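Enquirer: next come a sequence and a model predicted from it.
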Amino acid sequence: MRVLISCLLLIHSLAFAQNTNSTLSLTEYLGYVKSFHPTVKQANLTINESEAKLMKARGAFDPKLEVDYARKKFKNTAYYDKLNATFKIPTWYGVELKANFEENNGDFLNPEANTPLDGLYSAGISVSVAKGLLTNKRMAMLKQSKLFIKQAQADRQLLVNDIIYNATTTYFKWLRTYNERQVYQDFLTNAEIRFNGIKKSYEVGDKPAIDTLEARITLNNRRLNLEKSKIKFIKASLELSNYLWLNSNTPVEIKTGIIPDTNTFEAIDAVLIRPLLDLENLNISEHPKMQSLSYKFESLTIEKRLKRNNLLPTVDLQYNFLSQTPEVLPTFNTSAYKSGLYIQFPLFLRKERGDLKLAKLKLENTKFEIQQTEVSLKNKIDATQQELNSYTLQYDYNQTIISDYTKMLTAEERKFFLGESSLFLVNSRESKLIDAKLKAIETENNLFNTRAGLYNVLAVFDADIN
């Protein structure tokens, strides 16, 4: 009766322990990483920074209101009182629209600054007819800022892709250490049962004492291996915790009782990403890395065009219609005007030619980088795909080997029970089976990592992130 009660308590405790385990699937795990990991959030800041730079570049085309007021009075004498208010509207090309109001008076005012009593109004235009007409710094900055946003989006995908890849391989490592621990746990139970059985057989005189010694050695080896596997699992759990965060930027630690999903193999493609792309018809130019380099190349092309334009002389023309009564439009005519011409041209153009040469070198360097990256990506995809096919085949071989070793161990245990085999042969068969299972776990882990590596090379991990 006491034995029966003990068995019932043992079964209840095992059931309770099993119920306390909670499975963390790869889908749930990656959901936390994609939503709350600080580096993923940091990647979003890259786009925000690019948008801020675009706003800054557009600010070069904002209308401007300028007021210049100066007054001098000394010993009761009003030397001058000058007011100059200007409203400017920059346009896309090297043209600037301008409206101006001047009101100047004083005893020592320069005669050319004299204005009517009610002030002088003007409306005109400023045009760069050489350097700055078709392209200028503010045009180039705006175009480049738009490209920077697209480049930042591609770079963000690459950054998040790497984070998801590292997090995924860490999960696979966690799963591997858990499976190894389970293997040692299962075979430790077998060793304990076998040791207790041989010990009882020795006590009744059916087995020699040397068999109990061998069984105990095997039992302690199993205990030692299990302890080592527990440490590996704990370390892998802590490493996995590095990628788990909550919405409040609070890190989460994997608690005891949380285990990985052992059915990850059947659902890995559906968990990680949509079904694999058609690699034979893959357009490598759509890869985020190639897109990022392409936007970089376009940006450098704009910069080169600007540097080439700087070789032209600066020729600015200004023409302003003058009027005392701006409310009467016909008063703005060619009989009253103010015009100007400004010309500047460096004689040797060494600075400008140097800038153009540097821009060409950057462009050429990026061109080489695009070519090298394209070849490298194609080779990586091909190599990873072949490696994946090899590990898939190895995994199938390992499953067959495990099945055969299991049959051999079962047969050897039956022969041992009938007295036709030895404990040494049983332990030998069992050790072979353990090694086969560990190799299968290792091959499965390599298969998972290679599959994740293929997704990483293709940069498709981030496809389902909002």
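Expert: Perfect, thanks for sending it. Numbers count the residues shown, from 1 in each chain.
Enquirer: ok, the closest residue in space to residue 310 that isn't next to it in sequence - contacts?
Expert: Of all residues not flanking residue 310 in the chain, residue 352 sits nearest, at 4.7 Å (Cβ to Cβ, 6 or more residues apart in numbering). (C-beta placed from N, C-alpha, C; glycine too.) Each residue near residue 352 by Cβ atoms under 8 Å, 6 or more residues apart in numbering is listed here: 307, 310, 311, 346.
Enquirer: minimum pLDDT in the residues you listed, which residue is that?
Expert: pLDDT across the contacts of residue 352 is at its lowest for residue 346, which sits at 89.
Enquirer: ok, now how distant is that residue from residue 132?
Expert: Computed with Cβ to Cβ, to the nearest Å, the distance linking residue 346 and residue 132 is 15 Å.
Enquirer: more neighbours, these two?
Expert: Legend: neighbour count by other Cβ atoms under 10 Å for residue 346 and residue 132, higher for residue 132 (22 against 13).
Enquirer: assumed the more buried one was part of a strand.
Expert: No - Residue 132: not assigned to a strand; according to DSSP: H, G, I helix; E, B strand; the rest coil it is coil.
Enquirer: my read: it touches residue 94, true?
Expert: Yes - between residue 132 and residue 94 a contact is recorded at 4.1 Å, counting by Cβ atoms under 8 Å.
Enquirer: now list whatever residues contact both of these two.
Expert: By Cβ under 8 Å, 6+ apart, no residue touches both residue 132 and residue 94.
Enquirer: picking that back up, now the residue nearest to residue 310: phi and psi?
Expert: Taking degrees, to the nearest 10, you get phi -70, psi -40 for the backbone angles of residue 352.
Enquirer: one more: the one 3 residues further on?
Expert: Main-chain dihedrals, residue 355, degrees, to the nearest 10: phi -60, psi -40.
Enquirer: what of residue 104?
Expert: phi -130, psi 140.
Enquirer: what are the bridge partners for it, then?
Expert: Note on residue 104: beta-bridge partners residue 82, judged by DSSP bridges.
Enquirer: do you have the helices of the stretch 351-466 of the chain handy? List them.
Expert: Remark: helices assigned in the stretch 351-466 of the chain by DSSP state H, counting those that start in this stretch are 423-458.
Enquirer: residue ranges with poor pLDDT in it?
Expert: Along the stretch 351-466 of the chain, the parts satisfying pLDDT under 70 run over 462-466.
Enquirer: roughly how far apart are residue 458 and residue 172?
Expert: Counting by Cβ to Cβ - residue 458 and residue 172 are separated by 18 Å.
Enquirer: neighbours of residue 101, how many?
Expert: Residues near residue 101, counting by other Cβ under 10 Å: 16.
Enquirer: and what of residue 288?
Expert: Neighbour count of residue 288, defined by other Cβ under 10 Å: 21.
Enquirer: so it versus residue 159, what's the distance?
Expert: Residue 288 is 10 Å from residue 159, by Cβ to Cβ.
Enquirer: report how many residues lie close to the closest residue to residue 296 other than its chain neighbours.
Expert: Nearest residue to residue 296, sequence neighbours excluded (Cβ to Cβ, 6+ apart): residue 366, at 5.7 Å. Number of residues near residue 366 (other Cβ under 10 Å) recorded here: 18.
Enquirer: next: residue 29.
Expert: Going by other Cβ under 10 Å, the residues that sit close to residue 29 add up to 22.
Enquirer: okay, now residue 281: neighbour count?
Expert: 6.
Enquirer: also residue 341?
Expert: Counted with other Cβ under 10 Å, residue 341 comes out at 10.
Enquirer: cool, residue 242 as well?
Expert: 14.
Enquirer: any of the contacts of residue 352 buried? List them.
Expert: Listed as buried from these are 307, 310; burial here means 16 or more other Cβ atoms under 10 Å.
Enquirer: now the two most distant members of the contacts of residue 352.
Expert: The largest distance within these, taken as Cβ to Cβ, falls between 307 and 346 and amounts to 13.8 Å.
Enquirer: report the angle between the helix or strand where residue 193 lies and helix 423-458.
Expert: According to DSSP states H and E, residue 193 maps onto helix 137-203. Put simply, helix 137-203 runs at 170 degrees to helix 423-458, going by axes from the mean of the first three to the mean of the last three Cα atoms, to 10 degrees.
Enquirer: quick one: the strands in the stretch 1-150 of the chain, in order.
Expert: 22-24, 64-74, 77-90, 95-105, 120-128 (DSSP state E, counting those that start in this stretch).
Enquirer: looking at the ones you listed, which is closest to residue 44?
Expert: Using Cβ to Cβ, the strands of the stretch 1-150 of the chain put strand 22-24 closest to residue 44, at 25.1 Å.
Enquirer: buried ones in the closest one?
Expert: Residues of strand 22-24 classed as buried by neighbour count (16+ other Cβ under 10 Å): residue 24.
Enquirer: nearest residue to residue 176 other than its sequence neighbours?
Expert: Closest to residue 176 by Cβ to Cβ, 6+ apart is residue 445, at 4.3 Å.
Enquirer: and for the one you found, the neighbour number?
Expert: 19.
Enquirer: if we ignore the residues flanking it in sequence, what's nearest the residue nearest the centre of the chain?
Expert: Residue closest to the mean C-alpha point of the chain, counted by Cα atoms, centre = their mean, is residue 159 at 1.5 Å. Once flanking residues are discounted, residue 159 sits nearest to residue 43: 4.5 Å by Cβ to Cβ, 6+ apart.
Enquirer: got any ranges where the protein has weak pLDDT?
Expert: By pLDDT under 70, the low-scoring segments of the chain are 1-21, 267, 269-280, 462-466.
Enquirer: residues contacting the residue nearest to residue 159?
Expert: So residue 43 contacts 156, 159, 160, 163 (Cβ under 8 Å, 6+ apart).
Enquirer: now render those as JSON lines, adding distance to residue 198.
Expert: What follows is those, written out as JSON lines (distance: Cβ to Cβ, whole Å):
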{"residue": "156", "distance to residue 198": "63"}
{"residue": "159", "distance to residue 198": "59"}
{"residue": "160", "distance to residue 198": "57"}
{"residue": "163", "distance to residue 198": "53"}
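Enquirer: on that earlier part again, so how far is residue 39 from the residue nearest to the centre of the chain?
Expert: Distance of residue 159 to residue 39, computed by Cβ to Cβ: 7 Å.
Enquirer: again, but for residue 72
Expert: Distance of residue 72 to residue 39, given as Cβ to Cβ: 61 Å.
Enquirer: pull the contacting residues for the residue nearest to the centre of the chain.
Expert: Residue 159 neighbours (Cβ under 8 Å, 6+ apart): 39, 43, 46.
Enquirer: check residue 303 too.
Expert: Applying Cβ under 8 Å, 6+ apart, we find residue 303 in contact with 140, 144, 359, 362.
Enquirer: quick check: the second one vs residue 134, distance?
Expert: Relative to residue 134, residue 144 is positioned 16 Å away (Cβ to Cβ).
Enquirer: and for residue 32?
Expert: For residue 32, the distance to residue 134 equals 52 Å [Cβ to Cβ].
Enquirer: same question, residue 455
Expert: To residue 134, residue 455 is 45 Å away according to Cβ to Cβ.
Enquirer: where do the strands of the stretch 301-450 of the chain begin and end?
Expert: 314-323, 337-344.
Enquirer: can you tell me which of the ones you listed is most buried?
Expert: Comparing the strands of the stretch 301-450 of the chain by mean neighbour count (mean count of other Cβ atoms under 10 Å), strand 314-323 ranks first with a mean of 17.
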